[in-house]
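Participant: Structure, please.
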Amino acid sequence: MAASSPASPSAHHDSSAGTETRRNVIRARWMIILAAILWSTNGFFAKAPWFEGWPGFVLAFWRALFACAILLPMVRKPQWSLRLIPVTLIFAAMNYTYLTVMERYEASNAIWLQYTAPIWIITFGVVFLKEKAVWGDWVMVIFQMIGVLVILVPQFQDDTLWGLTLKILVGFTYALVVLSLRWMRDFEAAWVVGINHVLTCVVFLPFVVHEGTYPTQMIQWGALVAFGMLQMGLPYWLFARSVQHIPGHEATGIVILEPVLVPIWVYLAWSHLDSYESPGPSTMLGAFFILLGLVIRFFNERKTARQLPLAS
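Facilitator: Numbering: from 1, shown residues only. Model (predicted):
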């Protein structure tokens, strides 16, 4: 019997590269899940009695400041590029629209409105970035949009044209942030995200000085440090690292776990307060559709992965 010929070096290289790619994708998904959990503590901090009466932009400034404190020391390769200009402006615009809606409407509106982003992301990602989308992606988007509409349509009836425009821009600018992080994936994640937060501090500083609201208690300082480092800085770094390996619309689909978890943390921490408001029936029904879209998308992906031939 003739001896079998050894596999060619190129075959081994392709198999090794494919295995490494799959590991990177799996790691990226778990990093985004962790980012979503950390982001979801937003409601715990924003609804804390220690910050009662604080305007949203004041919290945003201190959160961004302490996010810089954890992000900038992680930077190893600062790089300048003209692309940083639109990227930082997009991030600032997202903060402006998000906080404006949060100030003018119920606080929970802004977080849910961000999740109109998948339709923008999948459209721009597929059309301009040439990212691939399968039927499971579109099913996920459809269910997410149904969920968001179930939650928000009752609130649109008595709104103004400018108010509706702001609400749409919350999701649109968030989509642009996700796509811009994909666009900057050849840059160090800590650098890009850190610069975004630096600009946020610069933009909101004059308003904070004018407002004159500052932390005066140790519990406030400790909460702001955790708010900035653990709720904002670390998850943005995890997210920016992750979108280097998976499409933007998939990343945003996973992160939509954030608004589902937000009311859970708020309930566990602050349900005993008189100011606590429980999620209404439309919020719970909308969350069901959002989760259903995620489940369908990932079961479809698992099925597809099982049908792929194993590397020899």
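
Participant: pLDDT score assigned to the closest residue to residue 89 other than its chain neighbours?
Facilitator: Distance criterion C-beta to C-beta, 6 or more residues apart in numbering; nearest residue to residue 89, sequence neighbours excluded, is residue 199 at 7.8 Å. (C-beta placed from N, C-alpha, C; glycine too.) Model confidence at residue 199, given as pLDDT, is 90.

Participant: which SSE is residue 199 in?
Facilitator: Per DSSP states H and E, residue 199 falls inside helix 189-211.

Participant: I'd like the average pLDDT over the next helix or strand after that helix.
Facilitator: Per DSSP H and E, the first helix or strand lying C-terminal to helix 189-211 is helix 218-226. What helix 218-226 shows for mean pLDDT is 95.

Participant: cool, and stretch 72-82?
Facilitator: 86.

Participant: chain center to that stretch, what's the gap?
Facilitator: 21 Å (C-alpha atoms, centre = their mean, to the nearest Å).

Participant: could I have that stretch exported to PDB, CA atoms only?
Facilitator: Output of stretch 72-82 as PDB, limited to C-alpha atoms (Å, rounded to 0.1, in the frame of the first residue of the first chain):
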ATOM      1  CA  LEU A  72      -6.000  56.500  28.100                       C
ATOM      2  CA  PRO A  73      -3.500  54.500  30.200                       C
ATOM      3  CA  MET A  74      -4.300  51.500  28.000                       C
ATOM      4  CA  VAL A  75      -3.200  53.300  24.800                       C
ATOM      5  CA  ARG A  76       0.000  51.900  23.400                       C
ATOM      6  CA  LYS A  77       0.000  53.300  19.800                       C
ATOM      7  CA  PRO A  78      -1.600  56.700  19.500                       C
ATOM      8  CA  GLN A  79      -2.100  57.500  15.800                       C
ATOM      9  CA  TRP A  80      -3.400  60.600  14.200                       C
ATOM     10  CA  SER A  81      -5.600  60.400  11.100                       C
ATOM     11  CA  LEU A  82      -8.100  62.700   9.500                       C
END
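
Participant: in the strand or helix carrying residue 58, what's buried?
Facilitator: Per DSSP H and E, residue 58 falls inside helix 56-71. For helix 56-71, the neighbour count (16 or more other C-beta atoms under 10 Å) marks 56-68, 70-71 as buried.

Participant: before we move on, what about stretch 120-132?
Facilitator: Neighbour counts over stretch 120-132 (16+ other C-beta under 10 Å) mark 120, 121, 122, 124, 125, 126, 131 as buried.

Participant: residue contacts, the first one?
Facilitator: With contact taken as C-beta atoms under 8 Å, 6 or more residues apart in numbering, residue 120 is in contact with 171, 172, 175, 176.

Participant: Show me which of these is closest to residue 219.
Facilitator: residue 171 (33.9 Å; C-beta to C-beta).

Participant: Residue 112 is in contact with the closest one, correct?
Facilitator: No. Here residue 171 lies out of contact with residue 112, judged by C-beta atoms under 8 Å, at a distance of 9.3 Å.

Participant: Tell me the pLDDT of residue 304.
Facilitator: With respect to pLDDT, residue 304 has a value of 61.

Participant: If you could redo that for residue 301, that was the one I meant.
Facilitator: So residue 301 comes in at 63 (pLDDT).

Participant: hang on, the earlier thing: now the helix holding residue 199: buried residues?
Facilitator: For helix 189-211, using 16+ other C-beta under 10 Å, the buried residues are 189-201, 203-204, 208.

Participant: With stretch 221-228 instead?
Facilitator: Quick answer for stretch 221-228 (16+ other C-beta under 10 Å): 223, 224, 225, 226, 227, 228.

Participant: Check the burial of residue 293 by counting its neighbours.
Facilitator: Residue 293 sits with 25 neighbouring residues when counted by other C-beta atoms under 10 Å.

Participant: Save the contacts of residue 120 as a markdown table, and put in pLDDT and neighbour count too.
Facilitator: As requested, those are exported to a markdown table (pLDDT from 0 to 100; neighbours: other C-beta atoms under 10 Å):
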| residue | pLDDT | neighbour count |
| --- | --- | --- |
| 171 | 85 | 23 |
| 172 | 90 | 21 |
| 175 | 87 | 26 |
| 176 | 89 | 23 |
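
Participant: ok, now how distant is the residue lying closest to residue 81 once chain neighbours are set aside from residue 80?
Facilitator: Leaving aside its chain neighbours, residue 81 sits nearest to residue 187 (7.2 Å; criterion: C-beta to C-beta, 6+ apart). As judged by C-beta to C-beta, to the nearest Å, residue 187 and residue 80 stand 10 Å apart.

Participant: Which of these two has more residues huddled nearby?
Facilitator: It is residue 187, of residue 187 and residue 80, that has more neighbours when counted by other C-beta under 10 Å, with 21 against 8.

Participant: Let me know the helix or strand that the more buried one is in.
Facilitator: With DSSP H and E as criterion, residue 187 is part of no helix or strand.
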